[in-house]
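In: Predicted model follows, preceded by the sequence.
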Amino acid sequence: MNRRHPGPDPQTEAESAAPPGHRDDDQRVRATEEARSSLTESSEHFGTDHLVANLAARAVSGGFVTVGSQAAKFALNLISAAVLARLVTPEEFGVVGMVLAVTVYLGLFKEAGLSTATIQRDKVTQAQVSNLFWINVALSGLVAALSVVLAPLVAWFYRDSRIVDVMVALSFTFVLTGSTVQHNALLVRQMRFRAIAIIEILSLLAGIITGASMALLHFGYWSLVGMQLCIAASALVLTWGISQWRPSLPRRGTGVAPLLKFGAHLTASDLVGRLAARADGLLIGRYFGAAPLGLYSRANILLARPLEQILSPISAVVIPVLSRLQSDPDRYRQTYLRAYDTLALITLPCAALFFVLAEPLVLLILGSDWRDAAPLFAGFALVAVTLPLSVAGSWLYLSQGRGSDLFRTYSATGAVTVAAIVVGLRWGPLGVVLALAVATLTVRMPIIYYLAGRRGPVRTADLWRRFLCHAPTWAVVCAVTALAHATVEEASPIMQLLVCVPIGLAAAAATILALRLPRSIVTYLWKNISNSLRMQWSRAA
């Protein structure tokens with residue numbers, strides 16, 4: 001039986017014809033080039049060893065960039081809120097709010113916790129991240145399709161036919177944002193905060209311009225839909241352009257199973273948490289209608305946006321930093337507690353100012369048509385006393401890879417949140433807010449601190465000791481600002497703020513300097529910020 005042999009490979013023939021020494025040299029050159037290429041790719045997108053040596057300086061520098069970014073985003077969001085509140089009615093905000101109250105749950109599955117898995121993991125490879133990318137894309141497509149299918153059911157639930165078209169249009173955002181999950185995760189992993197800031201600010205600016213333009217042209221609630229779509233599309237283009245990472249085709253045997261398991265725990269945790277957190281919007285929209293929900297959602301967002309601008313930069317820096325310090329418990333504990341103290345120094349005075357000055361803030365930003373949102377905003381300011389410092393407990397779970405512990409915590413606190421909302425419904429939207437404030441302080445926060453401190457370098461006693469050391473700042477700022485406000489409450493909203501805000505901030509500064517722990521944290525932050533600025537100026541010179 002004759003066998004057909006393949007023809008000779010020209011490259012093999014050329015290598016055979018070359019002298020032995022020359023062949024060895026070529027092989028060594030190719031091996032060196034491949035190794036250099038692999039090392040460059042690993043360092044650029046996946047390796048983190050080069051970050052640990054100068055981690056403190058990178059954290060401070062990243063903090064500057066991220067805080068500046070959040071300040072810019074806060075200003076843009078504030079401007080957009082003021083503009084859109086005058087061009088779009090509360091009822092139209094309520095229509096989109098009803099849809100977002102549902103789609104926020106679906107959006108969890110497009111990410112599936114896989115971005116945090118990429119950030120937290122000590123070592124990852126091109127094949128692993130590529131597989132995660134394709135999983136995110138597939139999940140995003142499924143979520144978009146599910147959103148379209150559920151649209152008529154959601155419209156029936158709210159008794160509003162406009163919801164069908166809005167929900168179908170917003171389903172496209174899932175595909176757009178799902179295609180950037182791993183790119184963003186790699187940017188965070190490499191602590192490329194400047195690149196992340198550029199993406200977030202430019203995409204937000206594009207969305208605001210689109211939304212405001214559509215509102216001026218009398219598109220109503222469609223202007224809010226157009227803004228969301230533009231933000232997602234702009235972020236996709238910018239992220240792929242700036243990241244420069246490109247996924248490979250899916251492969252088997254990449255060791256991605258632990259990442260998927262961790263991601264599954266995070267997804268389940270986020271789902272439980274969001275189901276609980278968004279239950280207020282669902283129930284208020286169902287039992288009180290679009291207009292009360294519009295007031296409720298605007299008051300919530302008006303406070304949530306500033307808190308997000310504070311929490312996001314700190315979390316964005318702290319989680320990757322703590323993830324790199326898992327093998328050094330003492331340094332991990334010290335870094336975490338300093339981050340916690342920094343968060344407390346910022347959020348507690350702000351929560352006190354928002355609580356006392358709720359009405360002038362709402363009137364100045366949203367206008368007189370939104371006066372009824374002021375009591376709701378004040379109620380959310382009470383929630384803000386403890387909510388950010390409760391969220392700080394999640395840093396421990398995420399940086400230590402404790403996905404199952406996070407799920408147990410969110411399940412327990414979620415049940416408490418839903419119970420508080422149901423109890424508060426009897427007294428309307430304001431009753432819901434006040435019930436949430438009480439439940440967060442007396443039940444949710446103790447649960448989070450107890451479970452978070454059971455394992456790892458940071459203990460439950462550390463968390464409570466820190467909280468109690470900072471709590472007097474809120475009380476003093478609240479009392480002093482209330483006294484100042486009583487003298488100018490008949491003045492215009494802007495005059496009330498011009499008088500009371502500086503007095504409240506001065507009271508905060510005096511209290512912080514009078515207390516030992518807060519004073520030591522301010523001294524530490526000032527020293528590190530000064531050193532970082534001097535280093536940057538010397539490099540520029």
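Out: Structure's in. What do you need? Numbering: from 1, shown residues only.
In: Show me the helices in the stretch 101-250 of the chain, by range?
Out: Secondary structure of the stretch 101-250 of the chain by DSSP state H, counting those that start in this stretch: the helices cover 114-120, 126-158, 162-170, 172-178, 181-189, 193-216, 221-243.
In: avg pLDDT for the third one?
Out: When you say that, I think you mean helix 162-170. Mean pLDDT, taken over the full extent of helix 162-170, equals 86.
In: mind listing what's buried in that helix?
Out: Buried residues in helix 162-170, counted by 16 or more other C-beta atoms under 10 Å: 162-164, 166-170. Glycine gets a C-beta too; all of them are placed from N, C-alpha and C.
In: likewise stretch 145-160?
Out: Going by 16+ other C-beta under 10 Å, stretch 145-160 has these buried residues: 147, 150-151, 154-155, 158, 160.
In: out of those residues, who's nearest A71?
Out: S147 (33.2 Å; C-beta to C-beta).
In: related to what we said a few turns ago, and the buried residues of stretch 145-160, which is closest to Q128?
Out: Closest to Q128, out of all of the buried residues of stretch 145-160 and judged by C-beta to C-beta, is S147, at 28.6 Å.
In: quick one: low-confidence parts of the stretch 101-250 of the chain?
Out: 105, 108, 110-118, 120-122 (pLDDT under 70).
In: Now do the longest helix along the chain: distance to the chain's middle.
Out: Taking DSSP state H as the criterion, the chain has its longest helix at helix 290-324. Helix 290-324 sits 7 Å away from the centroid of its parent chain (C-alpha atoms, centre = their mean, to the nearest Å).
In: Can you tell me how far the nearest residue to S315 once chain neighbours are set aside is from A316?
Out: Closest residue to S315 apart from its sequence neighbours, by C-beta to C-beta, 6 or more residues apart in numbering: W395 at 6.8 Å. In this view, W395 and A316 are 11 Å apart by C-beta to C-beta, to the nearest Å.
In: Would you convert the buried residues of stretch 145-160 into TSV that also reports distance to F133?
Out: Listed next are those as TSV, based on distance: C-beta to C-beta, whole Å:
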residue	distance to F133
S147	21
L150	26
A151	28
V154	30
A155	34
Y158	35
D160	37
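In: Looking at those, which one is closest to L353?
Out: Y158 (35.2 Å).
In: Touching, the closest one and M98? I think so.
Out: Yes: with contact defined as C-beta atoms under 8 Å, Y158 and M98 form a contacting pair (5.0 Å).
In: Return every residue with contacts to both of the two.
Out: Taking C-beta atoms under 8 Å, 6 or more residues apart in numbering as the contact criterion, the common neighbours of Y158 and M98 are 285, 290.
In: Would you map out the domains in the protein?
Out: 88-277, 287-541 (automatic domain parsing).
In: picking up where we left off before, tell me the one of the buried residues of helix 162-170 nearest Y287?
Out: For those, the nearest to Y287 is I163 (16.6 Å; C-beta to C-beta).
In: show me what contacts Y524?
Out: R338.
In: ranges for the strands of the stretch 301-450 of the chain?
Out: Using DSSP state E, counting those that start in this stretch, no strands are found in the stretch 301-450 of the chain.
In: Among the buried residues of stretch 145-160, find me the one that's closest to L87.
Out: Distances from L87 to these, taken by C-beta to C-beta, are shortest for D160, at 20.7 Å.
In: Please report the distance of that closest one from G294.
Out: Distance of D160 to G294, computed by C-beta to C-beta: 13 Å.
In: Equivalent analysis for F74, please.
Out: With C-beta to C-beta as the criterion, F74 and G294 are 22 Å apart.
In: Look at the two and report which has more neighbours.
Out: Remark: of F74 and G294, G294 carries more neighbours, 24 against 15, as counted by other C-beta atoms under 10 Å.
In: center of the chain - which residue?
Out: S312 (5.0 Å; C-alpha atoms, centre = their mean).
In: Give me the neighbour count for the nearest residue to that residue once chain neighbours are set aside.
Out: Distances taken as C-beta to C-beta, 6+ apart place Q70 nearest to S312, at 5.9 Å, with adjacent residues excluded. Residues contacting Q70 under the criterion other C-beta under 10 Å number 24.
In: What is the three-state secondary structure of Q70?
Out: Secondary structure, DSSP: H, G, I helix; E, B strand; the rest coil: Q70 is helix.
In: Return the residues in contact with it.
Out: 308-310, 312-313.
In: Which one (most neighbours) among the residues you listed?
Out: Result: P313 is most packed of those (other C-beta under 10 Å), 23 neighbours.
In: re the thing from before, what about the residue nearest to S312, distance to P90?
Out: Looking at Q70 against P90, where the rule is C-beta to C-beta, the gap reads 27 Å.
In: L406 too?
Out: 36 Å.
In: One more: P329?
Out: 51 Å.
In: same question, V443
Out: Using C-beta to C-beta, we find V443 at a distance of 32 Å from P90.
In: Tell me which of those two has more neighbours.
Out: The residue with more neighbours, out of V443 and P90, is P90; 22 against 17, by other C-beta under 10 Å.
In: what's the pLDDT at the more buried one?
Out: Looking at P90, the pLDDT reads 73.
In: Same question for R519.
Out: 86.
In: List the residues that contact A144.
Out: Counting by C-beta under 8 Å, 6+ apart, A144 has contacts 171-172, 174-175.
In: Tabulate the residues you listed (a markdown table), appending distance to G285.
Out: Listed next are the contacts of A144 as a markdown table, based on distance: C-beta to C-beta, whole Å:
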| residue | distance to G285 |
| --- | --- |
| S171 | 19 |
| F172 | 23 |
| F174 | 21 |
| V175 | 26 |
